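# Attaching a predicted model along with its sequence, questions to come.
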Amino acid sequence: MNIVIAAGILVTLVTGIPVVIQLLKGHPRGLIICFLAEMWERFSYYGMRGLLIFYLTQHFLFDPKVASGHYGSYTSLVYIVPLLGGFLADRYLGTRKAVAFGAILLVAGHLTMAIEGKPAVQTLTYGGQVYEFQAEGRGDERVAKMIVAGKPYAVTATETGDFAIKGLPADAAVPAVLAKGQYRLDVKDRDPLYLNIFWLALSLIIVGVGFMKANVATLVGQLYPQGDPRRDPGFTLYYYGINLGSFWAAILCGVLGVNVGWWAGFGAAGLGMLVGFLIFVLGKPWLLGRGEPPAGAKLKEKVAGPISREIVIYGVSMAAVVVVFLLVQHTPVVSATLLAGMFGSLGYILWFAFAKCEKVERERLLLATVLVLGAVVFWTLFEQAGSSLNLFAATNVNLKLLSKPVEWFGGAVVLGAPEQLAAAGISTTGKLWVNTAFNAAQTQAINAGWILIFAPVFAALWTVLTARKINPNPIVKFGLSLVQVGAGFLILLIGARFADGAFKMPLIFLVLMYMLHTSGEMFMSPVGLSQMTKLSPLSIVSFVMAVWYMALAMANLFGGWIAAIASTETIGGQVLDPAAAMTQSLLVFKVIGLAAIGIGVLFLVLAPFLKKWSHGSDDTTVAPIGDPSVSSQA
């Protein structure tokens, strides 16, 4: 048994009981459907995301800098396309139909990811001769060996950064040490067919998330009347569902993807999304009519012969898949598109605020904009998890929980990693063996695991603080979240002092970093989701919610740039110089950590002034946005 799976079961049981009690006690039943649908959507997304950076660098053999760019482009588009999904839901489809359509695209996309094809091959050219590399293992278990005269040889980097071949005979045709500039690295057999299948899969997922994600959160908000004190606790419980899905995705898809094959990890993600789709469709009665198409949408109206407006909308959405297919392959184009989208969307909100809103509505929208900008900073750091932090865990973190094997009950129960047992000569035949090692993809479960622990606590905490009228305002919470995410990166600088001879720091420092990131996330994300629904006029609430996710898009774009700076060279998907990798990563982590803390402090200083723009939106007696009695007081 894998200890990560055992710990996951324990954490789920302990944290899930209070969540179930709160879900069944005093919340709309529709919250359960949204909870489960989003849980499986996040299972599919995070199951794939935890493997993606390794798939890019180890299966297709993209350079880490290029892979980080593609990763950032993909995750950016995942969060910018909700602008399209939110607009179509607001104007035509309604949130329920938009979510169902998005779920179908996600199922197709994740199952397409399971078609992996033959892996690419790394080559080295020296003296006119081309040498291939033989690569085995996935994730942190990746080992690449150079084939010389038909025999594989381990490779590494010297202290000066040169390329070295271990155990090479003196009479070999290539020297044991090659200085930079004496050789050329290339990649062959990167099959264009399977690479295009991969881009298609990403495109289906991106558009699917665009229709599903913002609209599920909007649907949660629609379950509660304006001023309902259950709204914030409800969003926090919904957030627990999101992270229950991502928690088990990292554990199960990480095990399958690394130990069985990429196809198995990606395929499991697709099956998870299929379950989420079925739950949402079958749970329609519990939504009590919420999220239906807006009045006047006329979806069934024929606009081209027998083709209805609804079919045209779906057809246009599939055309968007083609556009995204072309975009996702070209990082510079994605960057320019996202920057244009960001300024355009914020410009529209500002225009709407000053042209269409009275004072109360306008200042609430401006406050929402400030919170969106704070979210960009937070998520830029937080979203390093799937890229630079994932690669850092594989290269510079000791993922074994025990320093040596442990035998209990006269040897009937054995705890230890496989290589530790082999080195100690311990057999697991006829014994209960608990594998006490993570793999790098499974470290993505740490953040979600902390959320499973924290979510019920924070849901109860916000309720108690609200009842006592001492709940910190959202600006203060955002400031504290930025301080915490920055401090998390500084924890890794401390951990580096305890690194072993292989330049691997103890796992506890990564766990502590994710604890700070998670507590910061609990101050930021569910509160931010709730604020978008509170501060937005009803006529553009889905669009503003999509702009909230646009903040994540920009953060992932910027995060991809940062991850590229933090990366180091690999051969065959294996990092050759762990020391250089640690030095470069820690330098980047130090800079972004200190910057986040500084911006967080600025939020705390401005909080008393910005709070006035909310005009009591967090009061339990507040009137709906757009209520004439409120506007007349402006």
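That came in fine, so what should we check first?
# mind showing which ranges of this structure have poor pLDDT?
Residue ranges of the chain with pLDDT under 70: 1, 214, 295-297, 526, 615, 617-634.
# The stretch 101-250 of the chain: strands as residue ranges?
In the stretch 101-250 of the chain, the strands defined using DSSP state E, counting those that start in this stretch lie at 121-126, 129-136, 143-148, 151-157, 163-165, 177-178, 184-188.
# Direction included, what does the fifth one pair up with?
Looking at strand 163-165 with DSSP bridges, its paired strands and their directions are strand 151-157 (antiparallel), strand 177-178 (antiparallel).
# And that strand, how far out from the chain middle?
Distance, stretch centre to chain centre, for strand 163-165: 36 Å (C-alpha atoms, centre = their mean, to the nearest Å).
# among the strands paired with strand 163-165, which is the most enclosed?
Of all these, strand 151-157 carries the top mean neighbour count, a mean of 17, counting by mean count of other C-beta atoms under 10 Å. The way it works is simple: take the backbone N, C-alpha and C, and place the C-beta from them, glycine included.
# and the angle for that strand with strand 129-136?
Between strand 151-157 and strand 129-136, the angle comes out at 90 degrees (axes from the mean of the first three to the mean of the last three C-alpha atoms, to 10 degrees).
# what does strand 151-157 contact?
133-134, 143-147, 163-168, 571, 574, 576-577, 580 (C-beta atoms under 8 Å, 6 or more residues apart in numbering).
# out of those residues, which are buried?
Buried by 16 or more other C-beta atoms under 10 Å: 133, 144-146, 163-165, 168, 571, 574, 576-577, 580, out of the contacts of strand 151-157.
# Let me know the closest of the residues you listed to A502.
D577 (11.7 Å; C-beta to C-beta).
# quick one: that closest one from K25, how far?
Separation of D577 from K25 (C-beta to C-beta, to the nearest Å): 55 Å.
# Enumerate every residue touching the residue in the chain sticking out farthest from the centre.
Largest separation from the mean C-alpha position in the chain: D171, at 49.8 Å (C-alpha atoms, centre = their mean). By C-beta under 8 Å, 6+ apart, the contact set of D171 is empty.
# roughly how far apart are it and L421?
According to C-beta to C-beta, D171 and L421 sit 39 Å apart.
# L52 too?
Going from L52 to L421 by C-beta to C-beta gives 31 Å.
# Same check on G208?
To L421, G208 is 43 Å away according to C-beta to C-beta.
# Which one's more surrounded, the two?
Between G208 and L421, counted using other C-beta atoms under 10 Å, G208 has the larger neighbour count: 29 against 19.
# Next up, phi/psi of the residue farthest from the centre of the chain, please.
Here is the backbone geometry of D171 (degrees, to the nearest 10): phi -90, psi 20.
# what does A114 give?
In terms of degrees, to the nearest 10, the main-chain angles of A114 are phi -70, psi -10.
# Go ahead and confirm it touches W263.
Yes. The criterion here is C-beta atoms under 8 Å, and A114 meets it with W263 at 4.5 Å.
# Mind checking which of these two has more residues around it?
More crowded of A114 and W263, by other C-beta under 10 Å: A114, with 20 against 15.
# Contact partners for the more buried one?
A114 sits next to 262-264, 266-267, 270 when contact means C-beta under 8 Å, 6+ apart.
# Return the entry from those residues with the maximum number of neighbours.
Within these, most neighbours by other C-beta under 10 Å means F266, with 28 neighbours.
# In contact with that residue: list those residues for me.
Listed by C-beta under 8 Å, 6+ apart, the contact set of F266 reads 47-48, 51, 110-111, 113-114, 116, 253, 257.
# and the nearest residue to it once chain neighbours are set aside, how many neighbours?
By the measure of C-beta to C-beta, 6 or more residues apart in numbering, the closest residue to F266 outside its immediate chain neighbours is M113, 3.8 Å from it. Counted with other C-beta under 10 Å, the neighbours of M113 add up to 27.
# Now do M113 against P285, distance only.
33 Å.
# Within the helices and strands, which one has F478?
For F478, the host element (DSSP states H and E) is helix 474-495.
# Kindly report the same for H27.
Under the criterion DSSP H and E, no helix or strand holds H27.
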